[in-house]
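Participant: pasted the sequence and its predicted model underneath.
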Amino acid sequence: MAVSFDQQIEHLLRRAGFGARQDELDLYRRQSVRGAVTALIDYESIEDDVDSMIQRDGYVQVTARPGVGFQPRTVIDDARQRWLFRMVHTNRPLQEKMTLFWHNHFATAYSKIAGLIGGDAATRYLAAKPSEDPGGVRGQIEMLREHALGNFRELLVEIAKDVAMLYWLDGRTNIRARPQENFAREIMELFTTGIGHYTEADVYAAARVFTGWNLRVVGAGATARLEFFYNAVQHDPTEKVFTFAIYPNGSKTIPARPAAEGMQDGLDFIDALAAHPATGPRLARKLFQFFVSEGAEPPAGFISRVAGTYYRTHYDMKSVVREVLLSSEFWDERAYFARYSWPVEFVVRAIKDVGWRGFSVNGALAPLNNMGQSLFEPPDVNGWDAGPLWFSTGAMLARMNFAAGLTFNQRFNLATAATPRAQSPERLLAYVMEGLPTAPMDEAVVAALTDYARGTTPWTGSATQIQNRTAGLAHLIVGSPEYQLL
């Protein structure tokens, strides 16, 4: 089956973004496919002013608490609302999509951090923007957004020094007398090489590498904040021996150093992990699953090309993602609708497709939790289980219920837009299906939708009839199995 240019652009925006608003479709349809990829990747030239639109007319709403207001710096549900707002309205969709990718890759959960330092502080170190925080705190998600298509080695350094991560994986307690192994293990197992490329001895050596990578309080009063601090007194200055090469000359030993210079141990180790021959292929595999398909095995040629770009560009993720989005595998017809949507992808795409006037993203928070994905709350260090595992009976019911609630909320807006195309039930259905692209539907499913559009009474095209049928069709399509595929 031939794929049209419009279908190509829709495919690109479902994968490299969260679906598309009409203005996004209009913008990217004016470019070639390669031009659209370039525009998505080179987003730095596009102003990032989306947060300033919150609570303005014409945008999806957020819900503020009476007497308190909207506080995404310190209230986690407000931070979740702000991120959903960004996903709907950002003009840098790929930046936001990669931020979600890294949020899952470096999975860090609010609940543990809140249990240690309180909910307000946990939200601050996960979501605060420096421009809004009295102490200039940059929360983890802001750091991931800043480095979304940056250098992977630099991102590893930033995550190793991140306050939320230092709580999440206990780096703040990593001292010379009691090396803490959690971060040391996960930076190898989850963040870089993967299982099978290190030993338990490597974990212990890596824990010693990061001794002294702790926290301190700076400032006082309203400007007080925690920040990364290399504590030389708590660093183990002795040599650390690994089972894999640390340096380009093949040496597996980080030499003994004076404690004052010991932070270099961690930097050398991160350099080694970024350069490790298993890291590039592992990232290539994860990017294939995220952008192309979770069900298919990544072809060896794809892994080789993407990993090769990773090493050749010295870990430049912009070049790596460009390679992915321009690959033949990404554009293969078999890749269309070949990935299961994550709950947050489903919700944001549905809002973009159905409409948002009068709808608050706060209304998506509980449904998202029921679907199995609450932002800032991955279940463990492995992140969320993706693919068909999203679709338990309860989770699918939650998706259908969200579709019902959203389409009912938008019923008047849907009917107004549909009226010029509602000369018959069949034309109404064609209009609704055109605005809600799905994986190909079986003929029996289309026949059932047609029967629903026709109803049991003669078609008159009345306002009430159009309103009920349009919202009902949108509900059935958004809640359908076919719509759950990207």
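Facilitator: Yep, that arrived.
Participant: and the strands in the stretch 251-400 of the chain?
Facilitator: Assigned by DSSP state E, counting those that start in this stretch, the stretch 251-400 of the chain shows strands spanning 253-254.
Participant: please name the residues that touch the residue most central in space within the chain.
Facilitator: A centroid search over the chain (Cα atoms, centre = their mean) returns L100, at 1.3 Å, as the residue closest to the centre. If a contact means Cβ atoms under 8 Å, 6 or more residues apart in numbering, then L100 has 87, 342, 344 as its contacts. In this view, the C-beta of every residue, glycine as well, is placed from N, C-alpha and C.
Participant: pull the helix or strand hosting it out as PDB, backbone CA atoms only.
Facilitator: Remark: L100 resides in helix 93-105, with elements defined by DSSP states H and E. Taking C-alpha atoms only, helix 93-105 is exported to PDB below (Å, rounded to 0.1, in the frame of the first residue of the first chain):
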ATOM      1  CA  PRO A  93       7.900  18.400  20.000                       C
ATOM      2  CA  LEU A  94      11.000  16.400  19.500                       C
ATOM      3  CA  GLN A  95      12.700  18.100  22.500                       C
ATOM      4  CA  GLU A  96       9.700  17.100  24.700                       C
ATOM      5  CA  LYS A  97       9.600  13.600  23.300                       C
ATOM      6  CA  MET A  98      13.300  13.100  24.000                       C
ATOM      7  CA  THR A  99      12.800  14.500  27.500                       C
ATOM      8  CA  LEU A 100      10.200  11.700  28.100                       C
ATOM      9  CA  PHE A 101      12.700   9.200  26.700                       C
ATOM     10  CA  TRP A 102      15.400  10.300  29.100                       C
ATOM     11  CA  HIS A 103      12.900  10.500  32.000                       C
ATOM     12  CA  ASN A 104      12.400   6.700  31.400                       C
ATOM     13  CA  HIS A 105      16.000   6.000  30.800                       C
END
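Participant: from the chain's centroid, how far away is it?
Facilitator: How far helix 93-105 lies from its chain's middle: 3 Å, per Cα atoms, centre = their mean, to the nearest Å.
Participant: helix or strand right after it?
Facilitator: Helices and strands here follow DSSP H and E; after helix 93-105, the next one along the chain is helix 110-117.
Participant: extract the C-alpha set from that following helix and format it as PDB.
Facilitator: Provided in PDB are the C-alpha atoms of helix 110-117 (Å, rounded to 0.1, in the frame of the first residue of the first chain):
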ATOM      1  CA  TYR A 110       9.100  11.400  43.200                       C
ATOM      2  CA  SER A 111       7.700   9.200  46.000                       C
ATOM      3  CA  LYS A 112      11.100   8.000  47.400                       C
ATOM      4  CA  ILE A 113      12.600  11.500  47.300                       C
ATOM      5  CA  ALA A 114       9.500  13.000  48.900                       C
ATOM      6  CA  GLY A 115       9.800  10.400  51.700                       C
ATOM      7  CA  LEU A 116      13.300  11.600  52.400                       C
ATOM      8  CA  ILE A 117      13.000  15.400  52.000                       C
END
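Participant: which elements pack onto that helix?
Facilitator: Applying 3 or more Cβ pairs under 8 Å, 6 or more residues apart in numbering; DSSP states H and E, one finds that helix 110-117 contacts helix 119-127, helix 163-168.
Participant: give me whichever of the ones you listed is most buried.
Facilitator: Mean neighbour count (mean count of other Cβ atoms under 10 Å) peaks for helix 163-168 among those, with a mean of 26.
Participant: tell me the mean pLDDT for the helix or strand just after it?
Facilitator: Following helix 163-168 in sequence order, the next helix or strand is helix 182-189 (DSSP H and E). For helix 182-189, mean pLDDT rounds to 98.
Participant: same question, stretch 247-254
Facilitator: 98.
Participant: now stretch 45-57
Facilitator: 96.
Participant: what about F228, helix or strand, and which?
Facilitator: In this structure, F228 sits in strand 225-230 according to DSSP H and E.
Participant: partners of whichever helix or strand comes after that strand, with directions?
Facilitator: Going down the chain from strand 225-230, the next helix or strand is strand 240-241, by DSSP H and E. Sheet pairing for strand 240-241, assigned by DSSP bridges, gives strand 253-254 (antiparallel).
Participant: for A296, give me its contacts.
Facilitator: Taking Cβ under 8 Å, 6+ apart, one finds 334, 338 in contact with A296.
Participant: if I look at it, how far off is P437?
Facilitator: Using Cβ to Cβ, to the nearest Å, A296 is found at 21 Å from P437.
Participant: buried residues, the helix or strand harbouring A39. List them.
Facilitator: Using DSSP H and E, A39 falls within helix 33-41. Going by neighbour count (16 or more other Cβ atoms under 10 Å), the buried part of helix 33-41 is 33, 36-37, 39-41.
Participant: now stretch 48-67
Facilitator: Under the neighbour-count criterion of 16+ other Cβ under 10 Å, stretch 48-67 has 50, 54, 60-62, 64 buried.
Participant: quick one: end-to-end length of that stretch, please.
Facilitator: 29 Å (Cα to Cα, to the nearest Å).
Participant: which of the buried residues of helix 33-41 sits closest to A366?
Facilitator: The shortest approach to A366 among these belongs to L40, at 31.4 Å (Cβ to Cβ).
Participant: tell me the contacts of that closest one?
Facilitator: Contacts here follow Cβ under 8 Å, 6+ apart; on that basis L40 touches 12, 16-17, 28, 93-94, 325.
Participant: narrow those residues to those in helices?
Facilitator: For these, membership in helices holds for 12, 28, 93-94, 325, with DSSP state H as the criterion.
Participant: among these, which ones are buried?
Facilitator: Using 16+ other Cβ under 10 Å, the buried members of the ones in helices among the contacts of L40 are 12, 28, 93-94, 325.
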